[in-house]
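Engineer: sequence first, predicted coordinates after that:
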Amino acid sequence: MRWLFAGLIAVLAGWAHAVGKPPMENRSSFDPAIMQIDEAKHLGQRLAPDTAFVDEQGRPFTFGQLSGKPVILVLSYYGCDGSCPTINQNLAAALSGVKRFRAGRDYQILTVSFDRQDTAQTAGTFVQQMRTRPGAIPEGWRFAVLQDRADEAPKRFAEAVGFQFFWSRIDKTFMHPNVLVFLTPDGRVARYIYGTRMDAQNLELALIDADWGRISESASAVFDMITGACFSYNFSEGRYQPNYALLAGVGALAFGGSLVAWGLLGYRRRFARRPVNAH
């Protein structure tokens, strides 16, 4: 399935710099595999809690201050006129359909720029532009830049979650994958969801995965555990799908149980009709 994933990255990356730009004859070409996220390597990796940011209002904070709740991390850049506004806007729209969890109360969202030219002011402008479009930005969503202004700081931060990007001089834009990174309450990578198109169900399932430690220990989260068990993550497609193996097993068990019950019922009726010998 690697070819399918590589093809997906190619489509997403191509779309990222194509949207909003006129057709170009001198468009660059590259191997999309260089931006492929090595999930086996990065799942479970923890972001440094002392990573410092400045949000769109100029307020400093650290990643450790977000601990205690799952975080949806979006890597974008605020000068992007292609897929970055789209993925943030689509995320806002899809989150409005997530009813099981509430942004701010149960989880947080953090958009971080990987462009070292971005500032708190450009983050603020990006937020204002988002507010002019349909779909409200929910509570608990911060748009930030790294406080560390060193040239390599964005690259180091992005690589911590397996995110690869580069500047294309020909296209005059950043080439990057479109992906949401779901982090556990202690900042570990729990799941990746790819693409700019997203739906509430996939987001909800990824949040269950990211918060599984709390859910598995909570007696009031039985519904979340059942929901999590009924769906499995498809690594080749980067999305969730029904857990067919589990559903088939449950179906087979139910069918076998019904056969046993039917057999016992038939035997009981036959035994009840047997004549009693007089003495």
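Structural biologist: Received the coordinates, thanks.

Engineer: next secondary structure after whatever helix or strand Ala190 lives in?
Structural biologist: Per DSSP states H and E, Ala190 falls inside strand 189-194. Per DSSP H and E, the first helix or strand lying C-terminal to strand 189-194 is helix 200-210.

Engineer: chain center to the helix or strand following that following helix: distance?
Structural biologist: Using DSSP H and E, the helix or strand that follows helix 200-210 in sequence is helix 212-215. Computed by Cα atoms, centre = their mean, to the nearest Å, the chain-centroid distance of helix 212-215 equals 17 Å.

Engineer: what's the answer for stretch 57-76, then?
Structural biologist: Worked out by Cα atoms, centre = their mean, stretch 57-76 lies 15 Å from the chain centre.

Engineer: and it, average pLDDT?
Structural biologist: The pLDDT scores in stretch 57-76 average 96.

Engineer: could I get the buried residue list for that stretch?
Structural biologist: Phe61, Phe63, Leu66, Ser67, Lys69, Pro70, Val71, Ile72, Leu73, Val74, Leu75, Ser76 (16 or more other Cβ atoms under 10 Å). All C-beta spots, glycine's among them, are computed from the backbone N, C-alpha and C.

Engineer: and if you look at stretch 172-180?
Structural biologist: Thr173, Phe174, Met175, His176, Pro177, Asn178, Val179, Leu180.

Engineer: of all those, which comes closest to Glu237?
Structural biologist: Closest approach to Glu237 among these (Cβ to Cβ): Val179, at 13.0 Å.

Engineer: all strands of the stretch 1-150 of the chain, in order?
Structural biologist: 52-55, 60-62, 71-76, 108-113, 141-146 (DSSP state E, counting those that start in this stretch).

Engineer: right, and those strands - which one's nearest Ala210?
Structural biologist: strand 71-76 (7.9 Å).

Engineer: low-scoring stretches of the stretch 51-200 of the chain, by residue?
Structural biologist: Counting by pLDDT under 70, the stretch 51-200 of the chain shows low-confidence ranges at 134-135.
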